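> sequence unknown, structure follows:
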Ligand SMILES: O=P(O)(O)OC[C@H]1O[C@H](OP(=O)(O)OP(=O)(O)O)[C@H](O)[C@@H]1O
Ligand SMILES: Nc1ncnc2[nH]cnc12
């Protein structure tokens, strides 16, 4: 009897998520820092330069997606507005659906709403009540995590609909603001590609 050439395929359902140092070094160069925007004392991390650079944009999307390929992600939830740009690309790569998590008042049918605090103010986000089915495996995507207030509100909305939030991923982490740790404490793995100190 000869042994089978291939091992039986293992079903991957758990994300093994970590930040990548190599990616950080390259992608960080394509993100601009704008001092004192939108308020004095805030250093705004502007990803429009990364989005406008074909290689950096592709690399960022590929790196966000990489740990989740084959994990049977049913839907990507992208947070308005910058999370829509990345979330759409990630959904395409993973052959997943896309769910918009929108600022209040933009969705036409029945919604769940959550209020949250930002690094610079407060806001409210909403999701359609029928956007996710109970038990569906959802990956949350946004461009940046700072205090984590926005992502926490989004995780709570998704959990409120019965989704299984497999992980949350972001290009940029501002670790001094503690957002990524806040989301990990909710039991949701976090992937980030670039960290900036001295926000
Ligand atoms: O971790 P937090 O402290 O919650 O901050 C992160 C959020 O802030 C930014 O969005 P913003 O609310 O500025 O909206 P925009 O994408 O529409 O510009 C960013 O895109 C994240 O969604
Ligand atoms: N410093 C920052 N730069 C860009 N987007 C942000 N969202 C929250 N804080 C931010």
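Received, thanks. In this text the structure is predicted, and so the values were computed from the model without any measurement. Residues are numbered from 1 along each chain as shown. Ligands and ions are numbered 1, 2, ... in the order given.
> all contacts plus neighbour counts: C-alpha atoms, from now on.
Will do.
> gap between the residue nearest the centre of the chain and residue 105?
With distances taken as CA atoms, centre = their mean, residue 141 lies nearest the centre of the chain, 2.1 Å away. Per CA to CA, to the nearest Å, residue 141 is found 21 Å from residue 105.
> just residue 166 next, same as before
In terms of CA to CA, residue 166 sits 27 Å off from residue 105.
> repeat that for residue 118.
In terms of CA to CA, residue 118 sits 18 Å off from residue 105.
> and residue 124, how many neighbours?
Using other CA atoms under 10 Å, residue 124 has 15 other residues around it.
> residues in contact with the nearest residue to it once chain neighbours are set aside?
If the residues on either side of it in the chain are set aside, residue 124 comes closest to residue 115, at 4.3 Å by CA to CA, 6 or more residues apart in numbering. Taking CA atoms under 8 Å, 6 or more residues apart in numbering as the criterion, residue 115 is in contact with 122, 123, 124, 125, 153.
> repeat that for residue 30.
Taking CA under 8 Å, 6+ apart as the contact definition, residue 30 lies against 47, 49, 50, 53, 56.
> quick one: low-confidence ranges for this structure?
1-25, 119-120, 199 (pLDDT under 70).
> next, count neighbours for residue 153.
Around residue 153 there are 20 residues (other CA under 10 Å).
> pull the contacting residues for it.
By CA under 8 Å, 6+ apart, the neighbours of residue 153 are 114, 115, 116, 125.
> tell me if it really is in a helix.
Yes. Using DSSP: H, G, I helix; E, B strand; the rest coil, the assignment for residue 153 is a helix.
> any idea how far it lies from residue 116?
According to CA to CA, residue 153 and residue 116 sit 6 Å apart.
> near ligand 1, which residues of this protein?
Within reach of ligand 1 by CA under 6 Å from any ligand atom, the chain has these residues: 79-82, 118-119, 142-150, 179.
> among those, which ones are buried?
Among the residues of the chain next to ligand 1, those classed as buried by 16 or more other CA atoms under 10 Å are 79, 80, 142, 143, 144, 145, 146, 147, 148, 149, 150, 179.
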